[in-house]
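S.K.: for reference, the sequence and a predicted model appear below.
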Amino acid sequence: MMILWRTCSEEDGEAERVWGLITEAISFTKKVLFTTLLRKPLEKEIMGLSGRYDKVLKTFLEEHENVAEKQGMNLMDVLLEAKGDGKSEYNITRDHIKSLFVELLSGGTDTSKQTIQWTMAEIINNPSTMERMGEEIDSVVGKSKLILETDLPKLPYLQAVVKEGLRLYPPIPVFGRRLQEGCVMGGFYVSDKTTLVVNGYAVMRDSDYWEYPVDFKPERFLASEQEDATKEKVVLKYLPFGSGRRACPAKKSSLYLFRNSDWNDDSVFRLEDRRRQG
């Protein structure tokens, strides 16, 4: 888990327990649509899940607190340090830290997995893309090393492949934003406190903004890199993680996970098969 700089062990079942908690938490996002009807059973399930999550995160917290010599600081270390700082502007408690990591683990795991799976399916159907991406990675990083953050500027095609995967299969296809103040949109006045629902999926497949919008063409991001940097309106046609200050802070994680994932013949199949299954 990148946010903890920690690997879960498979031998004692830790990895399976953590993944089980994450998938169970994700399932609640579907049930929340029927909260009114399922209020009582949901309360029982949520309390049970919360208790199991609390036990796991308590172990992680204690591990970080008991490490005498740290090799670098990760997010949990920073938060624990802030918790012990009496001069801090905010009073951070252990419960705050655990709640934050529940959100990070639940919200950042399934979305990354889905992005990688859909993008890999597209790459399998486009051998030339796979070959070009492999050549770029091998020339910059090599075959035996993992990609580091410092390598990313040297891997423009890998970045373009991931961006194109996110464009076609955004992890959050529809998202809402509440206006802090009124404004005019498309000639219509929208008052403050209005909740707008943005269909990012449709925007990123709109033929008015994208040439051959349903085709997997990573090259479009290479050709438009300078244009994107100079035209503000271009940013608003690419919304896989929202936009602005409230955009997802982990939007670069797919680049690391994508290259550093293990794949075999049983874990991938043709995109047509995946679409047929819905």
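M.R.: Yes, it's here. In this text, all values refer to a predicted model and were calculated from it rather than measured experimentally.
S.K.: what strand or helix carries residue 113?
M.R.: Taking DSSP states H and E as the definition, residue 113 sits inside helix 94-124.
S.K.: do the same with residue 175
M.R.: Using DSSP H and E, the element containing residue 175 is strand 174-178.
S.K.: please apply the same query to residue 189.
M.R.: Assigned by DSSP H and E, residue 189 falls within strand 188-190.
S.K.: mean confidence for that strand?
M.R.: Taken as a whole, strand 188-190 has an average pLDDT of 92.
S.K.: list the contacts of it.
M.R.: Contacts to strand 188-190, defined as CB atoms under 8 Å, 6 or more residues apart in numbering, come from residues 179, 182-184, 196. Where you see a C-beta, it was placed from the backbone N, CA and C, and this is true even at glycine.
S.K.: that strand: which residues count as buried?
M.R.: Within strand 188-190, no residue is scored as buried using 16 or more other CB atoms under 10 Å.
S.K.: what stretches of this structure score poorly on pLDDT?
M.R.: 1-15, 19, 26-43, 68-72, 85-86, 88, 223-235, 242-278 (pLDDT under 70).
S.K.: run through the strands of it in chain order.
M.R.: Under the criterion DSSP state E, the chain carries strands at the ranges 174-178, 183-185, 188-190, 195-199.
S.K.: so which of the ones you listed gets nearest residue 79?
M.R.: strand 174-178 (26.1 Å; CB to CB).
S.K.: for the closest one, list every residue counted as buried.
M.R.: By 16+ other CB under 10 Å, the buried positions in strand 174-178 come out as residue 175.
S.K.: gap between residue 93 and residue 106?
M.R.: Per CB to CB, to the nearest Å, residue 93 is found 20 Å from residue 106.
S.K.: what's the burial count for the nearest residue to residue 100 once chain neighbours are set aside?
M.R.: Excluding the flanking residues, the one nearest residue 100 by CB to CB, 6 or more residues apart in numbering is residue 79, at 7.2 Å. Counted with other CB atoms under 10 Å, the neighbours of residue 79 add up to 18.
S.K.: how much space between residue 79 and residue 172?
M.R.: Residue 79 is 25 Å from residue 172, by CB to CB.
S.K.: list the contacts of the nearest residue to residue 218 once chain neighbours are set aside.
M.R.: Spatial nearest neighbour of residue 218, chain neighbours left out: residue 160 (4.0 Å); criterion: CB to CB, 6+ apart. Contacts for residue 160 were tallied using CB under 8 Å, 6+ apart; they are 218-222.
S.K.: PyMOL command for the buried members of the residues you listed?
M.R.: Buried members of the contacts of residue 160, defined by 16+ other CB under 10 Å, are picked up in PyMOL with:
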select buried, resi 218+220+221
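S.K.: the contacts of residue 160 into CSV, with extra columns for distance to residue 49?
M.R.: Shown next, in CSV, are the contacts of residue 160 (distance: CB to CB, whole Å):
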residue, distance to residue 49
218, 39
219, 44
220, 41
221, 39
222, 44
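S.K.: quick one on the thing from earlier: show me what the strand holding residue 175 is packed up against.
M.R.: Contacts defined by 3 or more CB pairs under 8 Å, 6 or more residues apart in numbering; DSSP states H and E place strand 174-178 against strand 195-199, helix 200-203.
S.K.: reformat these as TSV; add distance to residue 238 and mean neighbour count.
M.R.: Formatted as TSV, the helices and strands packed on strand 174-178 follow (distance: least, CB to CB, whole Å; neighbours: other CB atoms under 10 Å):
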stretch	distance to residue 238	mean neighbour count
strand 195-199	12	11
helix 200-203	8	17
